[in-house]
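> Here is my input, please return the structure:
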Amino acid sequence: MSNPRPRVVVLAGPTAVGKGTVSTYIREHFPEVWLSISATTRAPRPGEVHGRHYYFVSPEDFDAMVERGEMLEWALVHGRNRYGTPRRAVEEAIEQGRLPLLEIDLEGARQIRRSMPDALFVFLAPPSWEELVRRLVGRGTESEEERERRLATARVEMAAAEEFDKVIINDDVRRAAEELVHLMRSQSS
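Next up is the predicted model:
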């Protein structure tokens, strides 16, 4: 009797909700979880490392990956940069029996729902709109224009929470991460 294939778990939520922070906590504390690394056309933020946080690629290389069918999903985010999930790495993680977690944006989650309807879709939500704004402004990595663009996108993203199978409130990183991993483990047993 073979082990069941792990269920892909998709984590999405509005900008600045802490998806990256929760994912980093999971990466550091739960080695059984395989966290996908997205490709992006945006420049690295301070401290980000190519191949660890993202695969930073040129727009031309990104286009070639899409054309060759190498992306499981991809989207233009905040009207500026493209992000996508390389397909082969996800397939390999599933084949190895690892618990695959895809941290992606709303449009990417919608594409995954069409191509992998059996995946589990988890929406990471802020405790409140005010807290989301505080987090975005507090990280200080975007210009005022970029913050406004991201907040406009976040309003749309927040309204999509009902499209997801489960909502986790990110009021505490450790608690949110542990809730997500518990959910992942329960889906693959």
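> wait, what's in contact with the residue lying closest to Val133 once chain neighbours are set aside?
Closest residue to Val133 apart from its sequence neighbours, by CB to CB, 6 or more residues apart in numbering: Leu151 at 6.7 Å. Bear in mind the C-beta positions are built from the backbone N, C-alpha and C, glycine included. The contact partners of Leu151, by CB atoms under 8 Å, 6 or more residues apart in numbering, come to Thr15, Val133, Leu136.
> Quickly note the distance from the first one to Pro126.
With the distance defined as CB to CB, to the nearest Å, Thr15 ends up 10 Å from Pro126.
> Equivalent analysis for the last one, please.
When CB to CB is applied, the distance between Leu136 and Pro126 equals 10 Å.
> which residues are common contacts for these two?
Once CB under 8 Å, 6+ apart is applied, the residues that Leu136 and Pro126 both contact turn out to be Ala16.
> so how far is the least confident helix or strand in the chain by mean pLDDT off the chain centroid?
Taking mean pLDDT, DSSP states H and E as the measure, the chain has helix 129-139 as its least confident helix or strand, at a mean of 85. Its chain's C-alpha centre and that of helix 129-139 lie 19 Å apart, by CA atoms, centre = their mean, to the nearest Å.
> same check, this time on stretch 124-139
17 Å.
> Do I have it right that Glu146 meets His78?
Yes - between Glu146 and His78 there is a contact at 7.4 Å, judged by CB atoms under 8 Å.
> and the closest residue to Arg88 other than its chain neighbours, how many neighbours?
The shortest distance from Arg88 to any non-neighbouring residue, by CB to CB, 6+ apart, is to Glu70 (6.9 Å). A count of nearby residues for Glu70, using other CB atoms under 10 Å, gives 17.
> do the same with Tyr55
The number of residues packed near Tyr55 is 17, by other CB under 10 Å.
> which residues does the spatially closest residue to Gly79 that is not a sequence neighbour contact?
Distances taken as CB to CB, 6+ apart put Arg149 closest to Gly79, at 6.5 Å, once the chain neighbours are dropped. Residues near Arg149 by CB under 8 Å, 6+ apart: His78, Gly79, Arg80.
> can I assume Arg149 sits in a helix?
Yes - under DSSP: H, G, I helix; E, B strand; the rest coil, Arg149 falls within a helix.
> Which of the helices or strands spans Leu11?
Using DSSP states H and E, Leu11 sits in strand 9-12.
> go on, Ala177?
Assigned by DSSP H and E, Ala177 falls within helix 173-188.
> Next, the buried residues of that helix.
Using 16 or more other CB atoms under 10 Å as the test for burial, helix 173-188 gives Ala176, Ala177, Glu178, Glu179, Leu180, Val181, Leu183, Met184, Gln187, Ser188.
> what's near enough to touch the closest residue to the second one other than its chain neighbours?
Taking CB to CB, 6+ apart as the measure, Ala177 lies nearest to Tyr25, with 4.2 Å between them; neighbours along the chain are not counted. Taking CB under 8 Å, 6+ apart as the definition of contact, the neighbours of Tyr25 are Val173, Arg174, Ala177.
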